[in-house]
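> take a look and give me a structure for this.
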Amino acid sequence: MKIRLGYIGVEDTMEMVLAVIRKYPDYECYPYIHTRFEEIDDLLEQHSGNMDMWLFSGPLPYEAAKQSGKSFKPLFFIPYTGTSLYRTLCEILYQQKLHIDELSFDILTQAELQQVFSEFGIKHSPIYNKEYTGSDEALYEHHLKLWEEGKTKAAVTCVWIVQQKLARMGVPVFRVRPTESSVESVLNTALRAHEMLQFMDAQVAVQIIKTDPYNGVSQELYSSDELFNMEMALTQKLLQYAKKVQGSLKGAGPGRFAIFTTRGIVRELTNNFTTIPDLAEIQELEGRLTNCGIGIGKTVYEAELLAGKALLHTKPYKEGAWMIFFEDKTITGPLGKPEQLSYSYVSDELQKISAASSLSIATLGKIQFILRKRGTDEINAYELAQHMQILPRSARRILIQLEASGLAQITGEDNPHPRGRPRKIYRIDLSLE
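Purely as a prediction, here's the structure:
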């Protein structure tokens, strides 16, 4: 079966990229042209369900796709290699007779530019260069301002949109376009990634589901036959769900069932391990399916053990929590909840910090993920408690312990409630350097 590849690119390189993709019999390509980054969200939302992976014409649309979160399929982009810049500089320096100091650059790093200049025998360092910081408008303004001030005579951009804007303003502009070799390189990388993903998707996944067949049932007296029928009705629903996930069902103790399937099916049903499966069989079990632990392992035995551990980790949460334990000892969950965390139980770095702070690796892993998710290294006890689903006093003890170990320091206070006690703000640095 061919790999369904969605390609989102710009019109000036579309035909070249498609011609290269056609050389690869493993791909079935679906091309989409975009003129604005805002269009990428809609394209992903409309077509991701029909794609196996996505390819983008450069790092900017790729970053826009990552930020949107509209697709959980593997994402790749065509890099601007040294060869791409080399070809553009040949035209500028030898045909247009411009000097390197008269040019402004973007996207490419200082090191990449230095390497190409060295190969050209150019000793000058690039003076006017701006790396991407999240805004194509900033790149456009970088080039335009330098040209208007008379510091440059032309712009060299990797971004089609920036090229179009500058050209409309009358700025002489050259675009670094991807080469066929760079397209071939990323297509080969994507093929290897697809093979690895297929291998991983074949891993065993075991779901251990905790149920309560009598939840929501009135307090009336029921005969043993009626109670048996309730249990059988629940089992029948679980059998339907097991069939939907192409798995098999077996009892795993009082009120517990195990479903055996594969990682790939679980990944698809949970939107890359982020949500509870949106299936009628699960919705009909609402209230009776209390919690679910999913284990993914190299063997059935390993996956079943990890599923049991995942189920234990649902205890701090309300009913309906789903957790996943992976073979690399990372855990994620509760699925579909704002407080969903992903953290590791095995880390050499966190092992050292654990020994120094007396906090468990799991606790440190949670804190590490929370800070990364928030995009800041500062947090108070109330915020930490909300994310970790623990009491504020427990969160305060953790922060005090980090402070005593030299891993956190108080940077200030906030007081959201005028009559309440101020909350200390801690800056956390989970390193021993």
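> doesn't I209 make contact with R256?
Yes - between R256 and I209 there is a contact under CB atoms under 8 Å: 6.8 Å. (C-beta placed from N, C-alpha, C; glycine too.)
> out of the two, which sits in the busier spot?
I209 (26 against 16; other CB atoms under 10 Å).
> secondary structure class for that one?
Of the three states, I209 takes strand under DSSP: H, G, I helix; E, B strand; the rest coil.
> so what's it bridging to?
F257, C292 (DSSP bridges).
> give the contact list for it.
Shown in contact with I209 (CB atoms under 8 Å, 6 or more residues apart in numbering): L238, R256, F257, A258, I259, L289, N291, C292.
> go with 7 Å
Applying CB atoms under 7 Å, 6 or more residues apart in numbering to I209 gives the contacts L238, R256, F257, I259, L289, C292.
> ChimeraX command to pick out the buried ones of these?
Buried residues within these, by 16 or more other CB atoms under 10 Å, are selected in ChimeraX with:
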select :238,256,257,259,289,292
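> so where's the stretch 151-300 of the chain shaky on pLDDT?
Within the stretch 151-300 of the chain, the segments meeting pLDDT under 70 span 214-222.
> then the stretch 301-433 of the chain?
Along the stretch 301-433 of the chain, segments meeting pLDDT under 70 span 416-420, 432-433.
> go on, the stretch 1-150 of the chain?
82, 120, 123-126.
> give me that answer again for 80
Counting by pLDDT under 80, the stretch 1-150 of the chain shows low-confidence ranges at 36-38, 67-72, 80-87, 91, 93-98, 109-112, 114-127, 132-135.
> can you give me the helices in it?
Assigned helices in the stretch 1-150 of the chain, in chain order: 11-21, 38-47, 59-68, 82-90, 110-120, 136-148 (criterion: DSSP state H, counting those that start in this stretch).
> also the stretch 201-350 of the chain?
224-244, 263-269, 280-284, 300-312, 348-357.
> tell me which of those helices sits nearest to L98.
Among those, the nearest to L98 by CB to CB is helix 348-357 (48.6 Å).
> ok, back up a step: let me have the contacts of I209 in CSV, extended by distance to L187.
Converted to CSV, the contacts of I209 look like this (distance: CB to CB, whole Å):
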residue, distance to L187
L238, 43
R256, 46
F257, 43
I259, 37
L289, 43
C292, 38
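> how far does stretch 196-213 sit from the chain's center?
20 Å (CA atoms, centre = their mean, to the nearest Å).
> pretty sure V186 contacts I78?
Yes - counting by CB atoms under 7 Å, V186 touches I78, with 5.5 Å between them.
> one step back: which stretch among the helices of the stretch 1-150 of the chain comes nearest A404?
That would be, of these and by CB to CB, helix 59-68, which comes in at 37.7 Å.
> how is this protein carved up into domains?
Listed by automatic domain parsing, the domain ranges of the chain are 3-78, 82-175, 202-337, 348-428.
> nearest to H194, out of these?
Closest among the domains of the chain, using CB to CB: domain 3-78, at 5.6 Å.
> what about the residue minimising distance to the centre of the chain, distance to T179?
Among the residues of the chain, the one closest to the centroid is K66, at 6.9 Å (CA atoms, centre = their mean). Distance of K66 to T179, computed by CB to CB, to the nearest Å: 24 Å.
> quick one, strands of the stretch 251-400 of the chain?
For the stretch 251-400 of the chain, the strands defined by DSSP state E, counting those that start in this stretch occupy 256-262, 289-297, 322-325, 330-333, 341-344, 378-380.
> okay, E11 and A381: tell me how far apart.
Taken as CB to CB, the span from E11 to A381 is 53 Å.
> sorry, that was for A280
From A280 across to A381, the span is 42 Å (CB to CB).
> who's more crowded, the two?
Taking neighbours as other CB under 10 Å, A280 and A381 compare with A381 leading, 22 against 11.
> wait, that one sits on P392?
Yes - using CB under 7 Å, A381 is in contact with P392, at 5.2 Å.
> which parts of stretch 268-279 are buried?
Of the residues in stretch 268-279, L269, T270, N271, F273, T274, I276, P277 count as buried by neighbour count, 16+ other CB under 10 Å.
> redo those residues as JSON lines? Include distance to L364.
Output for these, formatted as JSON lines (distance: CB to CB, whole Å):
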{"residue": "L269", "distance to L364": "31"}
{"residue": "T270", "distance to L364": "26"}
{"residue": "N271", "distance to L364": "28"}
{"residue": "F273", "distance to L364": "21"}
{"residue": "T274", "distance to L364": "23"}
{"residue": "I276", "distance to L364": "27"}
{"residue": "P277", "distance to L364": "31"}
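> sort out which one of these lies nearest E15 for me.
Comparing the buried residues of stretch 268-279 against E15 with CB to CB places N271 closest, at 33.8 Å.
> what sits against that closest one?
F72.
> any idea how far it lies from V162?
Counting by CB to CB, the gap from N271 to V162 is 33 Å.
> again with K318
For K318, the distance to V162 - CB to CB - is 49 Å.
> higher neighbour count, the two?
Using other CB under 10 Å as the criterion, K318 and V162 rank with V162 on top: 26 against 11.
> so which strand or helix has that one?
Secondary structure assigned from DSSP states H and E places V162 in helix 160-168.
> what's that helix packed up against?
helix 136-148, strand 173-175 (3 or more CB pairs under 7 Å, 6 or more residues apart in numbering; DSSP states H and E).
> give me the contact list for the helix or strand following the first one.
The C-terminal neighbour of helix 136-148 among helices and strands, as given by DSSP H and E, is strand 154-157. With CB under 7 Å, 6+ apart as the contact definition, strand 154-157 has outside contacts at 88, 92, 98, 102-106, 139, 143, 147, 163, 166, 171-176.
> of these, grab the buried ones for PyMOL.
Selection of the buried residues among the contacts of strand 154-157 in PyMOL, burial being defined by 16+ other CB under 10 Å:
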select buried, resi 88+92+98+102+103+104+105+106+139+143+147+163+166+171+172+173+174+175+176
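> burial of T235, as a residue count?
T235: 15 neighbours (other CB under 10 Å).
> likewise for P316?
Neighbours of P316 under the rule other CB under 10 Å: 12.
> need the contact list for it.
Applying CB under 7 Å, 6+ apart, we find P316 in contact with Q389.
> you'd agree E413 is in a strand?
Yes - using three-state DSSP, the assignment for E413 is a strand.
> got the contact list for the residue nearest to it when sequence neighbours are not counted?
Excluding its sequence neighbours, the residue lying closest to E413 (CB to CB, 6 or more residues apart in numbering) is P422, at 4.1 Å. P422 is in contact with E413, D414, N415, counting by CB under 7 Å, 6+ apart.
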